[in-house]
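J.: following is a predicted model, sequence given first.
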Amino acid sequence: MNILLLGSGGREHALAWKLAQSPLCETLYAAPGNPGIAEQAELVTLDVTDHAAVVAFCEAKRIGLVVIGPEAPLVDGLADTLRGAGFAVFGPSRQAAQLEGSKGFTKDLCARANIPTAGYERVTSEAAGLAALARFGAPVVIKADGLAAGKGVTVAMTMAEAEEAVREIFSGRFGEAGAEAVVEEFLEGEEASFFALTDGSTIIPFGSAQDHKRVGDGDTGPNTGGMGAYSPAPVLTPMLEGEVLAKIVAPTVRAMADEGMPYSGVLYAGLMLTAEGPKLIEYNARFGDPECQVLMMRLESDLAEILLACAENKLSACQQPVFSSDTALTVVMAAEGYPGTPRKGGRIDGIPAAEHDGAKVFHAGTALGIDGVLTADGGRVLNVTARGASVRAAQAKAYAAVDAIRFPEGFCRRDIGWREIEREASKG
Ligand code: AMP
Ligand code: GLY
C-alpha cells in the first residue's frame, strides 16, 4: 500500500523511518517532509489546508493510509474530509480533536466523566478571569482555550503574574485561541506522558515517556516544545499505568463514543503524578514531539500495520505492539535563539559519524542547499536518539552521538534523563 505522511518535524521523521521498514509500505509520500524524511519518503508539496487538493493527491497516488502528524490539520477537520472521501486515516476527527483543540472542552468532559484533573473555571472575559483568580489564589494556572503553539499556558506563582497572564490572553495576543480561557488549580508532582492507540472502542497502551520542557540544564529558563525525552518512564509503574488507563483514558474514550464523537488515533495524556494519584494535565490528539522519536526507537512491531488497524477500526484484531525493554533517549539540538527567534542557516556536519552503534539522528528543522550542505531551518533542529539497557547507558550513547555532530550555531541540554539517572544511582 502507498502511505501519505503529513508533517515536517522530528516526530514525522521518526514515523517515516518506522513506516518505511514495514513490508506493507510500497511508496511512502511525505508532505512537506524534511531532508531527513527524504531518505525514507518521496517528498511532495501539498497545502494541508486545501482539503480538496489532499483528496486529489490521495486519489491520484492510490493512498492506502494517511498518517496525520501535527495537531493543526486534525483540529481543522482534515481527517473528516479524507474519511468522507473513502480513505483510511490515522488521526481523530475535528470533533474528537477538541480534546487537544479546546482546553475547556476537555475539562468539561473530565467533569462529566469523573476523570481526575485539576479543579477549573472556564472564563470568557478579563473581568471573569480576574474574579476566578481571586477565588483560586496563587499559585494558579491560566490557559488560553485553543491551540496557541505551546505558548498559551502560564503557571503563575504569584497573583501579579496570574493577572498579567489573564490580561494577555484577553488582549487578543493568541487570536481566536484566546477568546476564552481556563483558570485551574495548580497541581504538584512529577509529570509523565502516557500514550494509547484507540479506534473509538478498543484501547491499546502504546508506551510512556518523560519530556524536558525547559530550555536550560537543571530545568531552568523558558518553556520549549521539548528539549529531550526518554521512554519508558519508570516513574509510571505498571500499577500507575493501570490506574491511568482505568480512571483517565478508558472513561475518556467511552465518553467520546457515547457523546457521538468517537476518538480514533493516538491519545497522548500529559499527567501529573500527585500525592492523590495520577491526574490529567492535558490531552494531545497526536504523538508527542520528541516523545514519538523515543517510542519509535523502541517499537519492534510493524507500525504501518498498527496504524492501519487503528484507522480501519480493527484494533481488536491487532496483536499487542512489542516495545524493546531498552530505554531510548533523545537529545534535541536546537538553533541559538530558541525558543525565541532561532538563528537560521547554521551549518551541520557529522551526522553519518554520529549514527554508529545504533544511534539515529532524526531531522526536526533542517534544510538542504543545492550545494548539498545541511543547515538549520527551525528552532529544534536535530533529535539525536539512542538506546541502552538503562537511562544512563542510553544517555551516554546519545551524547556520544551529539558530540560527533558539528553544529556550531546550535546548542543542547547536557542533562536529558537526569531525574531517572539520579533514581537509578540511588538504587545502586
Ligand atoms: P502545555 O504547554 O499545555 O503542555 O502545558 C505546559 C506545562 O504547564 C505542563 O507541561 C505543566 O508543566 C504545566 N501545567 C499545566 N497545567 C498545570 C497544572 N494544573 N498544575 C501545574 N502545572 C501545570
Ligand atoms: N513534547 C510535548 C508535546 O509534543 O506536546
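T.: Received the coordinates, thanks. Ligands and ions are numbered 1, 2, ... in the order given.
J.: quick one, longest helix in the chain?
T.: Across the chain, the longest stretch assigned as helix under DSSP state H is helix 391-404.
J.: same for that helix, what does it pack against?
T.: With contacts defined as 3 or more C-beta pairs under 8 Å, 6 or more residues apart in numbering; DSSP states H and E, the packing partners of helix 391-404 are strand 228-231, strand 327-335, helix 351-354, strand 380-388, helix 418-427. Placement of C-beta: from N, CA and C, glycine included.
J.: what's the least confident stretch among these?
T.: Out of the helices and strands packed on helix 391-404, helix 418-427 stands lowest, with a mean of 90 (criterion: mean pLDDT).
J.: show me where pLDDT drops low in the protein?
T.: Scanning the chain for pLDDT under 70 picks out the ranges 149-150, 174, 176-178, 428.
J.: which parts of it sit against ligand 2?
T.: 211, 225-226, 284, 288-289, 291 (C-beta under 6 Å from any ligand atom).
J.: buried ones among those residues?
T.: 211, 225-226, 284, 288-289, 291 (16 or more other C-beta atoms under 10 Å).
J.: could you dump those residues to CSV with secondary structure and distance to ligand 1?
T.: Below are these laid out as CSV (DSSP: H, G, I helix; E, B strand; the rest coil; distance: C-beta to the nearest ligand atom, whole Å):
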residue, secondary structure, distance to ligand 1
D211, strand, 8
G225, coil, 9
G226, coil, 9
N284, strand, 8
G288, coil, 9
D289, coil, 12
E291, helix, 12
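J.: going by distance to A31, which of the residues you listed wins?
T.: Closest approach to A31 among these (C-beta to C-beta): D289, at 17.1 Å.
J.: quick check: phi and psi on the closest one?
T.: The phi/psi pair for D289 (degrees, to the nearest 10) reads phi -130, psi 110.
J.: and it, how far from M261?
T.: 25 Å (C-beta to C-beta, to the nearest Å).
J.: pull the contacting residues for the residue in the stretch 251-400 of the chain positioned nearest to ligand 2.
T.: Closest residue of the stretch 251-400 of the chain to ligand 2, C-beta to the nearest ligand atom: G288 (3.6 Å). By C-beta atoms under 8 Å, 6 or more residues apart in numbering, the residues touching G288 are 11, 193, 195, 209, 211, 226, 229, 268.
J.: before we move on, what about A400?
T.: 357, 359, 386.
J.: could I get the residues you listed as JSON lines with distance to ligand 1 and neighbour count?
T.: Shown next, in JSON lines, are these (distance: C-beta to the nearest ligand atom, whole Å; neighbours: other C-beta atoms under 10 Å):
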{"residue": "D357", "distance to ligand 1": "32", "neighbour count": "11"}
{"residue": "A359", "distance to ligand 1": "27", "neighbour count": "21"}
{"residue": "A386", "distance to ligand 1": "25", "neighbour count": "29"}
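J.: closest one to E163 out of those, please.
T.: Nearest to E163 among these, with distances taken as C-beta to C-beta, is A386, at 44.6 Å.
J.: mind checking how far the closest residue to that closest one other than its chain neighbours is from R380?
T.: Distances taken as C-beta to C-beta, 6 or more residues apart in numbering place K397 nearest to A386, at 3.6 Å, with adjacent residues excluded. From K397 across to R380, the span is 20 Å (C-beta to C-beta).
J.: same question, G346
T.: 13 Å.
J.: so which of the two has more stuff around it?
T.: Remark: of G346 and R380, R380 carries more neighbours, 25 against 17, as counted by other C-beta atoms under 10 Å.
J.: bridging residues for the more buried one?
T.: R380 forms beta bridges with A334, as assigned by DSSP bridges.
J.: before we move on, what about S208?
T.: Assigned bridge partners for S208, using DSSP bridges, are F194.
J.: surely it meets E191?
T.: No: taking contacts as C-beta atoms under 8 Å, S208 lies outside contact range of E191: 11.3 Å.
J.: more neighbours, those two?
T.: Using other C-beta under 10 Å, the more surrounded residue of S208 and E191 is S208, with 26 against 15.
J.: quick one, what contacts that one?
T.: Residues in contact with S208 (C-beta under 8 Å, 6+ apart) are 192-195, 231-233, 236, 241.
J.: how far does the helix or strand harbouring E191 sit from its chain's centre?
T.: E191 is part of strand 190-198, with elements assigned from DSSP states H and E. Distance of strand 190-198 from the chain centroid (C-alpha atoms, centre = their mean, to the nearest Å) equals 10 Å.
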